[in-house]
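Asker: Sharing a model that was predicted from the sequence below.
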Amino acid sequence: MNFDNIIGQDFLKAHFKRIIAQNRVPHTQLFVGEEGTGTLPLALAFAEELLCGGNENCQQKVRKLIHPDLHFVYPTVTTDRIKKPESDAFLPQWRDFLKEKPYGSLYDWLSFLDVANKQGLIRVSDAEQLLKKIAVKPYEAAYKVIIIWQAEKMNNETANKLLKILEEPPEDTKFILTAQKSDDILPTILSRCQIHHIKPIPIDDIKQELINKYNFTTEKALKIAHQANGSWQRALDLAGNGETDDEFQKLFIEWVRVAFSAKKDKQAIRKLISWSEKLATMGREMQKKFLEFALESFRQALMINYQSAELAYYDFSKNKFDINKLAPFIHSGNIEAIYQSVTDAQYHIERNANPKLIFLNLSIGLTKLIHQKEKPLS
């Protein structure tokens, strides 16, 4: 992965090339961006440029993820085969995953391992292994590069173990951390990093990439680019079979229909309990992705309500649902409360609260909010 392969992010690519050429590379950097925006591909391209310059043999090793001075730390889980998980134990699968989905999310990684119902963590054993690697001189390059993917998944013990080395690493070691949200990283870690915010990929860049790589028509590429919401991996998923989106659509439609009818339907609470139980059986990463889908669906209903239908690109027609009929019920009087309720649910899922109770509480709240009247303009 080199900078030419990165979709969009032109300003950051130029900046990174410049600081490498000028030998002004910070010892610890943090790339923060939503999934699919390119935090990990940027880290890989940065590592290749720093380790190799224009050396083709070196570049091939980095691209195959076998360069001896490039090291990775990432969330792992226990499996039937691995009872004491750490990054090195999953290295063959990690290499395969990056070749297949360099823009992939944590959910994609756990699905690749067939453990999507679990939550990945970066454990203290990873920190201990990393300290051993840092103690050794680089084998081939002038530097060792350590990429810590999904750094917010470090538990406190791991983060504290790495604090000192992140603040004062050896001169021959460079750290690149990636994360979706810097708020989820310990402040003591953040204070040791130079932070770069990775913006969503522009619609035009995604559209053009789809046209160039997959020969999509301009119309189809533009529709997918809008739905992708700045994420290349989401664009690829939409361009494929879209099975996850279809499942989310069905869950969302069932949810809002029951919530809407709750005043008249005596069985509504039982239906909401059943719906919450269904969501509770999913893995937590899947639950969070559904809530993101729900937020975007409510946002698009709001856009339709305020005559901005050109900004609404979800197509629910396959599941015989007309979002235009939902739109009048999503307005300035309830959108903030709906948004807060969903983001609160995401927060509690992150922290391992009971998912059945989270979704039931969220659903009961929606039955009230969806019938809330719009406040007149003062």
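Answerer: Nice, thanks for sending it over. Numbers count the residues shown, from 1 in each chain.
Asker: Strands of the stretch 51-200 of the chain, residue ranges please.
Answerer: 70-73, 144-148, 173-179, 194-197 (DSSP state E, counting those that start in this stretch).
Asker: Break this protein down into its structural domains.
Answerer: 3-197, 203-240, 241-369 (automatic domain parsing).
Asker: Reformat the ones you listed as TSV; add mean pLDDT and mean neighbour count.
Answerer: For the C-beta atoms, the positions are set from N, CA and C on the backbone; glycine is no exception. Below are the domains of the chain laid out as TSV (pLDDT from 0 to 100; neighbours: other Cβ atoms under 10 Å):
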stretch	mean pLDDT	mean neighbour count
domain 3-197	90	18
domain 203-240	87	18
domain 241-369	85	17
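Asker: Number of residues surrounding residue 202?
Answerer: Residues contacting residue 202 under the criterion other Cβ atoms under 10 Å number 15.
Asker: Touching, it and residue 9? I think so.
Answerer: No: between residue 202 and residue 9 there is no contact under Cβ atoms under 8 Å: 9.4 Å.
Asker: quick one: the closest residue to residue 73 other than its chain neighbours and residue 342, what's the gap?
Answerer: Spatial nearest neighbour of residue 73, chain neighbours left out: residue 148 (4.5 Å); criterion: Cβ to Cβ, 6 or more residues apart in numbering. Noted for residue 148: a distance of 29 Å to residue 342, by Cβ to Cβ, to the nearest Å.
Asker: Repeat that for residue 297.
Answerer: For residue 297, the distance to residue 342 - Cβ to Cβ - is 10 Å.
Asker: same deal with residue 326?
Answerer: 15 Å.
Asker: Does residue 300 touch residue 323 like I think?
Answerer: Yes: assessed by Cβ under 8 Å, residue 300 is found in contact with residue 323 at 6.6 Å.
Asker: who wins for proximity to residue 35 among the strands of the stretch 51-200 of the chain?
Answerer: For the strands of the stretch 51-200 of the chain, distance to residue 35 was read as Cβ to Cβ. The smallest value, 10.3 Å, belongs to strand 173-179.
Asker: For that closest one, which strands pair with it and how are they oriented?
Answerer: strand 28-32 (parallel), strand 144-148 (parallel) (DSSP bridges).
Asker: Check what contacts it and list those residues.
Answerer: With contact meaning Cβ atoms under 8 Å, 6 or more residues apart in numbering, strand 173-179 is reached by 25-33, 39-40, 43, 46-47, 50, 134, 143-152, 166, 169, 185, 189, 193.
Asker: again, but for stretch 123-142
Answerer: By Cβ under 8 Å, 6+ apart, stretch 123-142 touches 50-52, 58, 67-69, 71, 73, 76, 84-88, 144, 146, 154-155, 157-158, 161-162, 165, 169-170, 172-173.
Asker: for the strands of the stretch 51-200 of the chain, which one sits closest to residue 292?
Answerer: Nearest of these (Cβ to Cβ): strand 173-179, 16.4 Å.
Asker: Now the closest one - C-alpha only, PDB.
Answerer: C-alpha atoms of strand 173-179 as PDB (Å, rounded to 0.1, in the frame of the first residue of the first chain):
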ATOM      1  CA  THR A 173      11.300   3.500  16.500                       C
ATOM      2  CA  LYS A 174       8.200   5.200  15.200                       C
ATOM      3  CA  PHE A 175       4.600   4.600  16.400                       C
ATOM      4  CA  ILE A 176       1.400   5.100  14.300                       C
ATOM      5  CA  LEU A 177      -1.800   4.500  16.200                       C
ATOM      6  CA  THR A 178      -5.200   4.500  14.500                       C
ATOM      7  CA  ALA A 179      -8.600   5.000  16.100                       C
END
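Asker: What segments of the stretch 101-250 of the chain are helices?
Answerer: Secondary structure of the stretch 101-250 of the chain (DSSP state H, counting those that start in this stretch): helices at 106-112, 124-134, 156-167, 187-190, 203-214, 218-228, 232-239, 243-261.
Asker: Would you reformat the ones you listed as CSV and include distance to residue 3?
Answerer: As requested, those are arranged in CSV below (distance: least, Cβ to Cβ, whole Å):
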stretch, distance to residue 3
helix 106-112, 23
helix 124-134, 26
helix 156-167, 25
helix 187-190, 26
helix 203-214, 14
helix 218-228, 21
helix 232-239, 15
helix 243-261, 30
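Asker: secondary structure element for the nearest residue to residue 1 once chain neighbours are set aside?
Answerer: Sequence neighbours aside, residue 44 is the residue nearest to residue 1 in space, at 4.0 Å (criterion: Cβ to Cβ, 6+ apart). Assigned by DSSP states H and E, residue 44 belongs to helix 39-52.
Asker: So which elements touch that helix?
Answerer: helix 10-21, strand 28-32, helix 56-63, strand 144-148, strand 173-179 (3 or more Cβ pairs under 8 Å, 6 or more residues apart in numbering; DSSP states H and E).
Asker: The longest one versus strand 28-32: what angle between them?
Answerer: Right, the one you point to is helix 10-21. Angle, helix 10-21 to strand 28-32, by axes from the mean of the first three to the mean of the last three Cα atoms, to 10 degrees: 170 degrees.
Asker: Next: the third one.
Answerer: Helix 56-63 and strand 28-32 are oriented at 60 degrees to each other (the same axes, to 10 degrees).
Asker: how distant is helix 56-63 from the center of its chain?
Answerer: Counting by Cα atoms, centre = their mean, to the nearest Å, helix 56-63 is centred 27 Å from the centre of its parent chain.
Asker: So which residues make contact with it?
Answerer: Counting by Cβ under 8 Å, 6+ apart, 1, 2, 44, 47, 48, 51, 52, 67, 68, 70, 140, 141 sit against helix 56-63.
Asker: Try it again at 10 Å.
Answerer: The contact list for helix 56-63 (Cβ atoms under 10 Å, 6 or more residues apart in numbering) reads 1-2, 5, 44-45, 47-53, 55, 66-70, 98-99, 140-141, 145.
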